[in-house]
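Engineer: predicted model, plus sequence, below.
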Amino acid sequence: MEIALVAEKDTVTCFKLAGLKRVYSVKNAGEAEKLVNELLKESNLGVILIAERFIDQIHGMMDKIAERKYPLIIPIPGMLAPAAVKTDFIVELIRRKTGVEVKL
Amino acid sequence: MSVDLTAVHPTRLELLRLKRRRGIAQGIVDILKKDYDTLVMALFDLVRQVPSLRSKMRDTLAEAYTSFIEAQMIVGSRMIEEVSLVCEPVDLDIESSVGKKVLGLELPVLQFTEKTVTHNPRFNILDTPAKLDESNQKIVEALDYIIKLAEAEASMKEILDVMSVKKRQINRIQYKVLPQLDASIRYVELILEETERQDAIRVRVLQRKRKERAQKTVQISA
């Protein structure tokens, strides 16, 4: 399974130099959303890394990742100032399935 | 709780059968609840790992970014970008295998593999500052944590799926099957008691009639 990265340009360059193959640089959340939707269709992706600041703006992400096993989506801090993430996937996932609010 | 009373025959045999079924259903609920508790414990083990993994990932990435920015400052961002365009990608891959089992549920283990170990450096060492290598090392290190996070998330998904199924099974038995069985048992018991009372009265009436008849025959013969 492969790893993909969706982030802003500098972060992408940094990961690319480290050897990551599937890197996609995006300028805004709209582009990120389009790209992530494309990536979700692929079957051989194991993990998609997404810059934190785009996470909240991608709509319906939770529904998409809750219903399937792979790819897993992991938010990572981008090179720009880290944004406070409103939705925590893991907390949200547990809340949906069990109704228990977990604090991380 | 409504029960289809036509389906239940009010006999003693049926009562025994219903009581046995109720016992089994109760046993199943107890087992399912224990399973559920085990799954909750497994889930919370995973949840507890998440914050430390996240902070480790954050710290390592921050270090990587700092080194990267320093490298950019030394040779300029244009140069770094050029290098990034020509350098060969490493086959960073994830392998998933089956790890530890919880209640027969197989939790995935994700392994981070770097396939190609090229002996010649991927980019010109002379042109690029050492900071870039540091940054790369840190990124790979961070990816390791990221994969661990992903593994925890995958395991959680697996556990949560089974948990919701178990929860539904428990609810179905506890709030649907058991009350129905209880209602059937109560119904059969009531009917049986009723027939018992009727039988008792019938016996008493018969005894009285027999006595009267005996007295009559005594009077006639006398």
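Structural biologist: Perfect, thanks for sending it.

Engineer: residues of chain A that sit close to chain B?
Structural biologist: A:1-3, A:10-11, A:13-21, A:46-47, A:49, A:69-70, A:72, A:74, A:76-77, A:79, A:82, A:89-90, A:93-94, A:97-98, A:102, A:104 (Cβ under 8 Å from any Cβ of the partner chain). C-beta coordinates here come from the backbone N, C-alpha and C atoms, glycine included.

Engineer: what about 6 Å?
Structural biologist: A:1, A:3, A:13-14, A:16-21, A:46-47, A:72, A:74, A:77, A:79, A:97, A:102, A:104 (Cβ under 6 Å from any Cβ of the partner chain).

Engineer: what helix or strand is residue B:106 on?
Structural biologist: strand B:105-114 (DSSP states H and E).

Engineer: wait, does that strand contact chain A?
Structural biologist: No - Strand B:105-114 does not reach chain A (Cβ under 6 Å from any Cβ); its nearest approach is 7.0 Å.

Engineer: what about the helix or strand just after that strand, average pLDDT?
Structural biologist: Per DSSP H and E, the first helix or strand lying C-terminal to strand B:105-114 is helix B:130-172. When pLDDT is averaged over helix B:130-172, the result is 86.

Engineer: inside helices: which ones of the residues of chain A next to chain B?
Structural biologist: Residues of the residues of chain A next to chain B located in helices (DSSP state H): A:13-14, A:16-18, A:97.

Engineer: tabulate these (CSV), appending pLDDT and neighbour count.
Structural biologist: Formatted as CSV, these follow (pLDDT from 0 to 100; neighbours: other Cβ atoms under 10 Å in any protein chain shown):
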residue, pLDDT, neighbour count
A:13, 82, 22
A:14, 81, 30
A:16, 80, 21
A:17, 79, 25
A:18, 78, 27
A:97, 79, 19
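
Engineer: could I have the strand holding residue B:106 exported to CSV, CA atoms only?
Structural biologist: Extracted in CSV, the C-alpha atoms of strand B:105-114 (Å, rounded to 0.1, in the frame of the first residue of the first chain):
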residue,chain,number,x,y,z
LEU,B,105,-10.7,-10.3,16.0
GLU,B,106,-7.5,-9.7,14.0
LEU,B,107,-6.0,-6.3,14.5
PRO,B,108,-4.0,-5.0,11.5
VAL,B,109,-0.3,-4.3,11.9
LEU,B,110,1.1,-1.8,9.5
GLN,B,111,4.8,-2.0,8.8
PHE,B,112,6.8,0.8,7.2
THR,B,113,9.2,-0.5,4.6
GLU,B,114,11.8,1.4,2.7
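
Engineer: next, count neighbours for residue A:24.
Structural biologist: 16 (other Cβ atoms under 10 Å in any protein chain shown).

Engineer: next one: residue B:171
Structural biologist: Close neighbours of residue B:171, defined as other Cβ under 10 Å, add up to 12.

Engineer: for chain B, which residues are neighbours of chain A?
Structural biologist: Contact residues (Cβ under 6 Å from any Cβ) of chain B with chain A: B:47, B:50-51, B:58, B:61, B:65, B:68, B:81, B:84, B:89-90, B:92, B:94, B:136, B:139-140, B:146, B:149-150, B:153-154, B:160, B:164.

Engineer: need the helix or strand of chain B with the lowest average pLDDT.
Structural biologist: strand B:92-102 (a mean of 75; mean pLDDT, DSSP states H and E).

Engineer: list the contacts of that strand.
Structural biologist: A:1, A:3, A:19-20, A:46, B:42, B:106-111, B:113-114 (Cβ atoms under 6 Å, 6 or more residues apart in numbering or on different chains).

Engineer: swap in stretch B:164-172?
Structural biologist: Against stretch B:164-172 from outside (Cβ under 6 Å, 6+ apart): A:97, B:32, B:35-36.

Engineer: export these to JSON lines and tack on distance to residue B:193 and secondary structure?
Structural biologist: JSON lines is the format used below for the contacts of stretch B:164-172 (distance: Cβ to Cβ, whole Å; DSSP: H, G, I helix; E, B strand; the rest coil):
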{"residue": "A:97", "distance to residue B:193": "46", "secondary structure": "helix"}
{"residue": "B:32", "distance to residue B:193": "34", "secondary structure": "helix"}
{"residue": "B:35", "distance to residue B:193": "39", "secondary structure": "helix"}
{"residue": "B:36", "distance to residue B:193": "38", "secondary structure": "helix"}
